[in-house]
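Colleague: heads up, no residue letters with this:
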């Protein structure tokens, strides 16, 4: 079985933080060049990941329809729905890989491919009478990071109860969303986590528009599917939305803004 998590190089742009109105044409081009480099690198990584997940699913003979399920998983009432969702999620991952317009689309392709593998592994575990592997919690700040720390474990819960009186704003911020160890340490140190960026248009004047990199979760929902779900990490509706082309519609809305 493949490793569940993989790493990617940091995607932070090299452009100093500035107000969009202050960006010169040279600085705007630098932003676009940094984004294009990051997208090319991420496209290679995600393509390899989706291909690897597909190899595992083909080896495991993921059913392409519900017909063989009764014979293979007849005692599992959830098998048909889980296998169908896994197949849809993998199809959606391939669609995003082909059609993704921005970095969060590619990240969502990796997340949905991983979740397809997790869902299918759960079906097989139940059929074998084995414990179902616990689905990993993705880092909200960058779903391509390592798994988020489990802040709900008994040890951490006891620690939080003991430290409740001395909890400050940084600790509260670190607990607000699922975060990998690296992002959590950054927040506790008062630093910005290593956030997955998205490229969005910003109107500078009546005749001029610039594109800037912002945290993916700050993109308006009418422009992106991924700002509210950690690139498809939470919730089960995303594969069907991708297969209906909703990601393209929202990307088009952003281009028209």
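Modeller: Done, it's in. If you're wondering where the values come from, they're calculated on a predicted model, not measured in any experiment.
Colleague: contacts and neighbour counts: CA atoms only from here.
Modeller: OK.
Colleague: from residue 127, how far off is residue 59?
Modeller: 17 Å (CA to CA, to the nearest Å).
Colleague: before we move on, what about residue 220?
Modeller: Residue 220 is 42 Å from residue 127, by CA to CA.
Colleague: for residue 80, same thing?
Modeller: Noted for residue 80: a distance of 12 Å to residue 127, by CA to CA.
Colleague: these two: which has the busier surroundings?
Modeller: residue 80 (20 against 16; other CA atoms under 10 Å).
Colleague: in which helix or strand does the more buried one reside?
Modeller: Element membership of residue 80 [criterion: DSSP states H and E] is helix 79-99.
Colleague: okay, buried residues for that helix please.
Modeller: 79-80, 82-97 (16 or more other CA atoms under 10 Å).
Colleague: quick check: neighbours shared by residue 80 and residue 127?
Modeller: Shared contacts of residue 80 and residue 127, defined by CA atoms under 8 Å, 6 or more residues apart in numbering, are absent.
Colleague: which residue is the nearest non-sequential neighbour of residue 254?
Modeller: residue 223 (5.0 Å; CA to CA, 6 or more residues apart in numbering).
Colleague: again, but for residue 201
Modeller: residue 211 (4.4 Å).
Colleague: circling back to that earlier point, the helix holding residue 80: what's the following helix or strand?
Modeller: Of the helices and strands lying after helix 79-99 in sequence (DSSP H and E), the nearest is helix 103-127.
Colleague: tell me the mean pLDDT over that next one?
Modeller: Confidence for helix 103-127, expressed as mean pLDDT, is 93.
Colleague: so what does it touch, helix or strand wise?
Modeller: Other helices and strands packing on helix 103-127, by 3 or more CA pairs under 8 Å, 6 or more residues apart in numbering; DSSP states H and E, are helix 25-59, helix 79-99, strand 197-203.
Colleague: recalculate using a threshold of 6 Å.
Modeller: Helix 103-127 is packed against helix 79-99, with contacts defined by 3 or more CA pairs under 6 Å, 6 or more residues apart in numbering; DSSP states H and E.
Colleague: show me where the stretch 101-250 of the chain has its strands.
Modeller: For the stretch 101-250 of the chain, applying DSSP state E, counting those that start in this stretch gives strands covering 197-203, 209-215.
Colleague: residue 101: neighbour count?
Modeller: For residue 101, using other CA under 10 Å, the count is 17.
Colleague: wait, what's in contact with it?
Modeller: Residue 101 makes no contacts at all, as judged by CA atoms under 6 Å, 6 or more residues apart in numbering.
Colleague: let's see that with 8 Å instead.
Modeller: Counting by CA under 8 Å, 6+ apart, residue 101 has contacts residue 251.
Colleague: what's the answer for residue 215, then?
Modeller: Residue 215 neighbours (CA under 8 Å, 6+ apart): 195-198.
Colleague: re earlier: wait, the residue nearest to residue 254 sits on residue 256?
Modeller: No: using CA atoms under 8 Å as the test, residue 223 is too far from residue 256 to be in contact (10.0 Å).
Colleague: neighbour count: these two, which is higher?
Modeller: Between residue 223 and residue 256, counting by other CA under 10 Å, residue 223 is the more crowded of the two (20 against 9).
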